[in-house]
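Engineer: here's a sequence, model it:
(chains A, B, C and D)
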There are 4 protein chains.
Amino acid sequence: MRDEMPQPDWPDLAGRLNGRRHVLPVRVYFEDTDAGGIVYHASYIRWFERGRSDFLRLLGLHHTAMMAAGPEGEGMIFVVRRITVDYLKPARLDDVLEIITEPGQTGVSSLTLVQEAVRAGTTICRAEVVCVLISGKGKPLRLKSALPPALAAFFDAAQG
Amino acid sequence: MRDEMPQPDWPDLAGRLNGRRHVLPVRVYFEDTDAGGIVYHASYIRWFERGRSDFLRLLGLHHTAMMAAGPEGEGMIFVVRRITVDYLKPARLDDVLEIITEPGQTGVSSLTLVQEAVRAGTTICRAEVVCVLISGKGKPLRLKSALPPALAAFFDAAQG
Amino acid sequence: MRDEMPQPDWPDLAGRLNGRRHVLPVRVYFEDTDAGGIVYHASYIRWFERGRSDFLRLLGLHHTAMMAAGPEGEGMIFVVRRITVDYLKPARLDDVLEIITEPGQTGVSSLTLVQEAVRAGTTICRAEVVCVLISGKGKPLRLKSALPPALAAFFDAAQG
Amino acid sequence: MRDEMPQPDWPDLAGRLNGRRHVLPVRVYFEDTDAGGIVYHASYIRWFERGRSDFLRLLGLHHTAMMAAGPEGEGMIFVVRRITVDYLKPARLDDVLEIITEPGQTGVSSLTLVQEAVRAGTTICRAEVVCVLISGKGKPLRLKSALPPALAAFFDAAQG
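Structural biologist: Sure, this is the predicted structure:
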């Protein structure tokens, strides 16, 4: 499931993976703000999902490939089971934020990701996201058997 | 495909149909505004889609039913082919807008809807939306044969 | 700050308040779903914000009025400080959900709201939202002195 | 109003400007799709706004700077007056699209931008967007006097 199509034109489009730490830059556009003059609180939820998607992408897990894989070809997908978000400081139009994603604890079928939105070294927003790997029919899948071995080991090692 | 589940608890949730004219009220929430202090321009596009969905719903066309109908059970769906939007006045947080939807011209497979966002009698935003009825495989379908006869006649009569 | 403009045309637009419990119906439109075929997880965050806004609205607290009130006329606003969301079941296009909002614990400047998205009696998603009342300049305000006395008492009584 | 803060870490975050043509890559995330399995039609409107914002940004016009500039310091802002969008082909989850922005006709206070969403050389969606430069109080401003001379000339030359 490795990314076969190189994108030399836009090398950073999916952010960068440094060891266990994934970084995706996002710009604050009008769509992300509200009449309070700051970033709307649900916008961070969208950015964190982009971060998780690109983290998995750089690890070789594409959504579209996953949706065609899984046991009996019924597909598999990570769904959010629980999310906790702390809003620490406001962000504003034109700001550049870095969305940091790092793997935390893993369970049999679940993976917790710790995510932050950081502006110039300051954490603006922080989230803990519990994701569960399920089949296309909604059945939880074991990370160890459903994911490529190297990936399962990668997530597992994060707990140490 | 008539709506079988009455919703007596929230009678106006899908708006109201008066003759050919459908009216759906929407409130402006924080999510709909931007840092300019007014409604973000793409919010109207979402509201107009709600208006079209509920207009079809009150005519007996549910999305979920349509997605299971169509020739050979592959489903059918109206997709937007072209949209033209005129932004006339700004709307603001807490405003109540009425989304008006009326059928305009029909083609063999297409239906043009004229839509407005109105605040206390004043048109804030106006759109013309060309929708095409396609099958689940993306093939254009003839309105006259794919839609229930009464509905095909309803849209056809709108042109007079 | 009571709602002076009655809206007889759309009586339920801001939902209903039964004692301490506010109920707002929402319909699932295309905008709320994603390619997984179910409701996108951030959509609930938007709906919960609508629920909180209309809960406050029916209690007489309009955003626009609040933004012009507060000490020295600099305005006041409830901002989300922390949100925890549990995703229990998927919701789908055309579903009708009821967004339930109830006051929980209050602090000096904070108010916790417990919110649920319920479909036909089944809880789909549940959230706990900690809101802080701040001035236009970002300073936390005491609920007891900044809010109308009846409201401060209303929230305070919720803790018992 | 030139961009004073270089961002060497993410050189392409605001896309690239080649002559009169601005290119911004966007990835299709779950947030951009709907239950039809394709990109939701309003998502293009958001992407085109990002393209316009970054086009202006690379020309030296930041929103935040503009909102503090203008005659008598009341700020100025480009607002969308009219948008026409043609949806030509569907786009899907994980697709990479390039948002192309080019200046078209200018009026006394207005600027028309021609925008496209392109996937691997194929135009997916095309828009014509009429923007008007207004002051913070909503008064139309003359491009020639309100914009820096080089920029006014840049837009003006686009008409030839």
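
Engineer: looking at chain A, which helix is longest?
Structural biologist: Determined from DSSP state H, the single longest helix within chain A is helix A:41-58.

Engineer: is chain B contacted by that one?
Structural biologist: Yes. Using CB under 8 Å from any CB of the partner chain, we find that helix A:41-58 touches chain B at residue A:42. Using the backbone N, CA and C atoms, a C-beta is placed for each residue, glycine as well.

Engineer: show me the strands in chain A, by range?
Structural biologist: Here chain A has its strands, by DSSP state E, at A:16-18, A:21-27, A:76-87, A:96-106, A:110-119, A:122-135.

Engineer: mind listing what's buried in the fourth one?
Structural biologist: Buried positions in strand A:96-106, judged by neighbour count with 16 or more other CB atoms under 10 Å in any protein chain shown: A:96, A:97, A:98, A:99, A:100, A:101, A:103, A:106.

Engineer: which pLDDT value belongs to the most centrally placed residue in chain A?
Structural biologist: Taking CA atoms, centre = their mean as the criterion, residue A:52 is the residue nearest the geometric centre of chain A, at 0.8 Å. If you check residue A:52, the pLDDT there is 97.

Engineer: surely it is in contact with residue A:127?
Structural biologist: No. With contact defined as CB atoms under 8 Å, residue A:52 does not count as touching residue A:127 (10.0 Å).

Engineer: give me the common contacts of the two.
Structural biologist: residue A:115 (CB atoms under 8 Å, 6 or more residues apart in numbering or on different chains).

Engineer: report the separation between residue A:101 and chain D.
Structural biologist: Residue A:101 is 14 Å from chain D, where distance means CB to the nearest CB, to the nearest Å.

Engineer: same question, residue A:64
Structural biologist: To chain D, residue A:64 is 5 Å away according to CB to the nearest CB.

Engineer: can you list the residues of chain A near chain D?
Structural biologist: A:7, A:9-14, A:25, A:27, A:29-31, A:46, A:49-50, A:53-54, A:57, A:62-64, A:92-94, A:96.

Engineer: switch to 7 Å and redo it
Structural biologist: Residues of chain A that fall close to chain D, judged by CB under 7 Å from any CB of the partner chain: A:7, A:10, A:12-13, A:25, A:27, A:29-31, A:46, A:49-50, A:53, A:62-64, A:93-94, A:96.

Engineer: quick one: buried ones out of the residues you listed?
Structural biologist: For the residues of chain A next to chain D, buried by 16+ other CB under 10 Å: A:10, A:12-13, A:25, A:27, A:29-31, A:46, A:49-50, A:53, A:62-63, A:93-94, A:96.

Engineer: which of these come close to chain C?
Structural biologist: residue A:46.

Engineer: tell me how many other residues crowd residue A:109.
Structural biologist: 18 (other CB atoms under 10 Å in any protein chain shown).

Engineer: got a pLDDT number for it?
Structural biologist: What the model reports as pLDDT for residue A:109 is 96.

Engineer: what of residue A:1?
Structural biologist: The model's pLDDT for residue A:1 equals 42.

Engineer: for the buried residues of strand A:96-106, which one is nearest chain D?
Structural biologist: Closest approach to chain D among the buried residues of strand A:96-106 (CB to the nearest CB): residue A:96, at 6.4 Å.

Engineer: quick check: bridge partners of the closest one?
Structural biologist: Assessed by DSSP bridges, residue A:96 has beta-bridge partners residue A:27.

Engineer: just the pLDDT at it, thanks.
Structural biologist: 96.

Engineer: quick one: it from residue A:24, how far?
Structural biologist: Distance check for residue A:96 against residue A:24: by CB to CB, to the nearest Å, it reads 11 Å.

Engineer: which helices and strands sit right next to the helix or strand of chain A with the lowest mean pLDDT?
Structural biologist: In chain A, no helix or strand scores lower on mean pLDDT, DSSP states H and E than helix A:63-68, which sits at a mean of 81. Contact partners of helix A:63-68 among helices and strands, from 3 or more CB pairs under 7 Å, 6 or more residues apart in numbering or on different chains; DSSP states H and E: strand A:76-87.

Engineer: quick one on the thing from earlier: to residue B:79, which of the strands of chain A lies closest?
Structural biologist: Residue B:79 lies closest, by CB to CB, to one member of these: strand A:76-87, at 24.7 Å.

Engineer: what is the burial count for residue A:20?
Structural biologist: Per other CB under 10 Å, the neighbour tally for residue A:20 reads 13.

Engineer: for it, give me the pLDDT.
Structural biologist: As predicted, residue A:20 sits at a pLDDT of 93.

Engineer: how much space between the closest residue to residue A:95 other than its chain neighbours and residue A:122?
Structural biologist: Nearest residue to residue A:95, sequence neighbours excluded (CB to CB, 6 or more residues apart in numbering or on different chains): residue A:28, at 4.5 Å. Taking CB to CB as the measure, residue A:28 falls 14 Å from residue A:122.

Engineer: of those two, who's got more company?
Structural biologist: residue A:28 (23 against 10).

Engineer: show me what counts as buried in stretch A:128-146.
Structural biologist: A:128-136, A:140-141, A:143, A:146.

Engineer: of these, just say which sits nearest to chain B.
Structural biologist: Using CB to the nearest CB, the buried residues of stretch A:128-146 come closest to chain B at residue A:136, 17.3 Å.

Engineer: touching, that closest one and residue A:72? I think so.
Structural biologist: No. Using CB atoms under 7 Å, residue A:136 is not in contact with residue A:72, being 8.9 Å away.

Engineer: can you pull the contacts of residue A:10?
Structural biologist: D:12, D:25 (CB atoms under 7 Å, 6 or more residues apart in numbering or on different chains).

Engineer: might one say that residue A:112 is in contact with residue A:102?
Structural biologist: No. Checked against CB under 7 Å, the pair residue A:112 and residue A:102 is beyond contact range at 9.9 Å.

Engineer: what about chain A, any weak spots by pLDDT?
Structural biologist: Across chain A, the ranges flagged by pLDDT under 70 are A:1-8, A:70-71, A:158-160.

Engineer: and it, which residues reach chain C?
Structural biologist: Within chain A, the positions near chain C by CB under 7 Å from any CB are A:36, A:41-42, A:45-46, A:77, A:80-87.

Engineer: ok, now which ones touch the residue nearest to residue A:105 when sequence neighbours are not counted?
Structural biologist: Nearest residue to residue A:105 in three dimensions, chain neighbours excluded: residue A:112, at 4.7 Å (CB to CB, 6+ apart). Residue A:112 makes contact with A:104, A:105, A:128, A:129, A:130 under the criterion CB under 7 Å, 6+ apart.
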